[in-house]
Every structure is written in structure tokens, then in C-alpha cells.
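Peer 1: Provided below for reference: sequence and predicted model.
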Amino acid sequence: MNELKSLEEIKSIRKKLKSENKKVVFTNGCFDLIHAGHVDYLSKAKALGDVLIVGLNSDASIKRIKGDKRPILKEDERAFIISNLKPVDYITIFEEDTPAELIEEIIPDILVKGADWSIENIIGREVVEANGGEVKTIEFINDQSTSKIIKSILNKYKN
């Protein structure tokens, strides 16, 4: 298992990886209820470089973004699940609503988001590109989302 790391640990790891000329890929998200789309996305992100670092929204961050009924799974559970997925090398939790500060601290070689984001709207793009990195999007394999899973469960069990 790739355990959860603090920001300071991630910064130290990033520095070491840079000295080894390893290409670091960064992505972030809530990853509330893990589904095939998440796993495919993380596998494709990892394939873009040598090391994949995932920034995970904290519970408080998700509540601010998605409302009081989310997250379904607490951050320690989500971190445990994500850290045990094969493509993920390191994971860290961030409290802010966006990963902007985290991206500025680690400056990944490749910043990745889903193709539902246009490149110009991806948080951290300017920092990554100004430091010679790339920003990429990944197409989703299916039309799955945590919100759709929740709606499906509610519809099936509403009696």
C-alpha cells in the first residue's frame, strides 16, 4: 500500500523524484464512491509518466463543493481505497476547495484532469506550463459518476 502522505512528505518526495529525472503526474478529485471510470482514469494518468500523485479533497472541501450530503465515504476511507489502487504511487489530502496551492508546491511535470474540463480552465495550468510542464485531459470510458450511482441506489430502494 502507498500510504497517505503529508504535504511536507510529498514535497520531499517530489524533490527526490526530480533529482532522479522521474516524470511526475498529478491529478486530484473527490473520489467518493470508486467506480470503473475512476480506475480507468487513474490508470491512464499513471501511463503519462513515471509516478502518479493524487490530491484528494478533504471531507470539509467536498461539503463546501457538493453540499452537506457528501461525501458518502470519509476521507480516511477514500484515501485508503485510492492508495491501494495499482496506478497510484502517492496520495495527499488537501483542505482547500481547489488543488491550486498543492500544485504550486509540487509543480508536477504533467497535470491531468478529465476531458470534461477544458485545458484553459484547469486549476494550476499556468504554474505547470510556466515551469515547462504539460496539462492533459483524459477521456472518460463511460458516463459514470458518484452522483449517478447515488441516484441509482435511491431509485432502486425508494420503497
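Peer 2: Looks like it came in fine.

Peer 1: Could I get the phi/psi values of Ile107?
Peer 2: phi 40, psi 80 (degrees, to the nearest 10).

Peer 1: I'd guessed it sits against Gly132; true?
Peer 2: No - taking C-beta atoms under 8 Å as the definition, Ile107 is not a contact partner of Gly132, at 9.3 Å. Yep, even glycine has a C-beta here, placed from its N, CA and C like the rest.

Peer 1: more neighbours, those two?
Peer 2: Ile107 (19 against 8; other C-beta atoms under 10 Å).

Peer 1: quick one: the strands in this structure?
Peer 2: Assigned by DSSP state E, the chain shows strands spanning 24-29, 51-57, 90-94, 110-114, 134-138.

Peer 1: looking at those, which is closest to Ser12?
Peer 2: Closest to Ser12 of the strands of the chain, according to C-beta to C-beta: strand 90-94, at 10.9 Å.

Peer 1: who's in contact with that closest one?
Peer 2: 2, 4-7, 9-10, 13, 28, 51-58, 61, 75, 79, 82-83, 101-102 (C-beta atoms under 8 Å, 6 or more residues apart in numbering).

Peer 1: I'd like the average pLDDT over that strand.
Peer 2: Strand 90-94 comes out with an average pLDDT of 97.

Peer 1: got the angle between it and strand 24-29?
Peer 2: With axes from the mean of the first three to the mean of the last three C-alpha atoms, to 10 degrees as the basis, strand 90-94 and strand 24-29 are set at 40 degrees to each other.
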